[in-house]
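Asks: I would like the atomic coordinates for the input below:
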Amino acid sequence: MSTLLEDGYRTAARLTREHGTTYYWGALLLPPPQRRDVHAVYALCRLADDIVDEPDKTPHPSVPAHGTPTERLDAFRAWFFAALARGTSDEPVMASVIDSLRRRGTDPECFERFFNAMALDLTHSTWPTWPALRDGYMEGSAAVIGEMMLPVLEPTSDAARDHARSLGLAFQLTNFLRDVDEDLSRGRVYLPQDELARHGADPHLRQVTPQWRTFMAEQVARNRTLYAHAADGLPYLPEASRRCVGTALTLYQRILDRIEAADYDVFNGRIRVPAHEKLALFGRQAAVGALRPSRWTGVRGRVDRHQQP
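Replies: Alright, predicted model coming up:
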């Protein structure tokens, strides 16, 4: 591997460790080649997301630094697709991304959907319904991430695709529920407006009211249904990939547990899974090796698997 690629993959790993700790811990259970590819996909998505969410932050050298967020995102998108067409880049992180995508045969159309969703963040601050949020935004910001990761995870059946998409949706919905306060500070609400209205819940109050509790309980139930469908896809993954995804799935569901334990108070500090819990789970999986897929469902309580997510 060239020095350029080594530098790029090293930086991608650092970005994943700093910003996507659950992905990072899960990826540690993969062989090094797959682990590097997870880091590369995450790094590309992280850099694009930072243009949208933190426009005043000093950008990584691989990200355009001048212009409006829209101009910078457009420039980054054009740069990515130009590098993908050439099959190389002289910037380390982008070089590692292109190397990974070409080796894995990842469909470039996935990234069209991804960048389209990032652009929507610059023009949309609310979403009227769950189908509008899921199909209009999360399709490109979450479901497609599952599709991007599939070539890295090396599934044994094409049937894994739908479950991977559900996992991407589940992860992002958990983020939305956890990060309500942070998103409000950015002028965004990633919650279905019609369901808020039906419950009489108002996140702008930043208060845990009875209406807020019933609204959030409904969202958590929806989220658990998505995780249940995602877990059904674990048998389609080889051993290492199954442990990787199962670990990430379990850790993310623990965020939901903590949201419930906090009485749905997501307004006073970010809810996190402590590092010692992540380390303990990782240690068990690293020591035990392959587990039966049923061990990884992580779904407690009654879940209707036929419920439409």
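
Asks: surely Leu153 touches Gln34?
Replies: Yes: the criterion here is Cβ atoms under 8 Å, and Leu153 meets it with Gln34 at 7.4 Å. Any C-beta I mention is one placed from the backbone N, CA and C, and that applies to glycine too.

Asks: list the residues that are in contact with both of these two.
Replies: Common contact partners of Leu153 and Gln34 (Cβ atoms under 8 Å, 6 or more residues apart in numbering): 241, 244.

Asks: helices of the protein, residue ranges please.
Replies: For the chain, the helices defined by DSSP state H cover 3-19, 21-27, 32-53, 69-86, 92-104, 109-120, 130-132, 144-153, 160-178, 180-185, 193-199, 210-231, 239-261, 275-288.

Asks: just the angle for the helix or strand of the chain with the lowest mean pLDDT relative to helix 239-261, thanks.
Replies: For the chain, counting by mean pLDDT, DSSP states H and E, helix 275-288 ranks last in confidence among helices and strands (a mean of 75). For helix 275-288 against helix 239-261, the angle by axes from the mean of the first three to the mean of the last three Cα atoms, to 10 degrees is 150 degrees.

Asks: where's the closest residue to Pro64 other than its chain neighbours relative to Val41, distance?
Replies: Excluding the flanking residues, the one nearest Pro64 by Cβ to Cβ, 6 or more residues apart in numbering is Ala75, at 4.2 Å. Using Cβ to Cβ, to the nearest Å, one gets 21 Å for the distance from Ala75 to Val41.

Asks: compare those two (neighbour count), which wins?
Replies: Shown here are Ala75 and Val41; by other Cβ atoms under 10 Å, Val41 has more neighbours (24 against 16).

Asks: now for the more buried one: which residues touch it?
Replies: Val41 neighbours (Cβ under 8 Å, 6+ apart): 97, 100-101, 106, 145, 148-149, 152.

Asks: flag the shaky bits of the stretch 1-150 of the chain, pLDDT-wise.
Replies: 58 (pLDDT under 70).

Asks: can you check the stretch 151-300 of the chain too?
Replies: Counting by pLDDT under 70, the ranges of the stretch 151-300 of the chain that qualify are 287-300.

Asks: how many residues are close by Glu109?
Replies: For Glu109, the neighbour count with other Cβ under 10 Å is 10.
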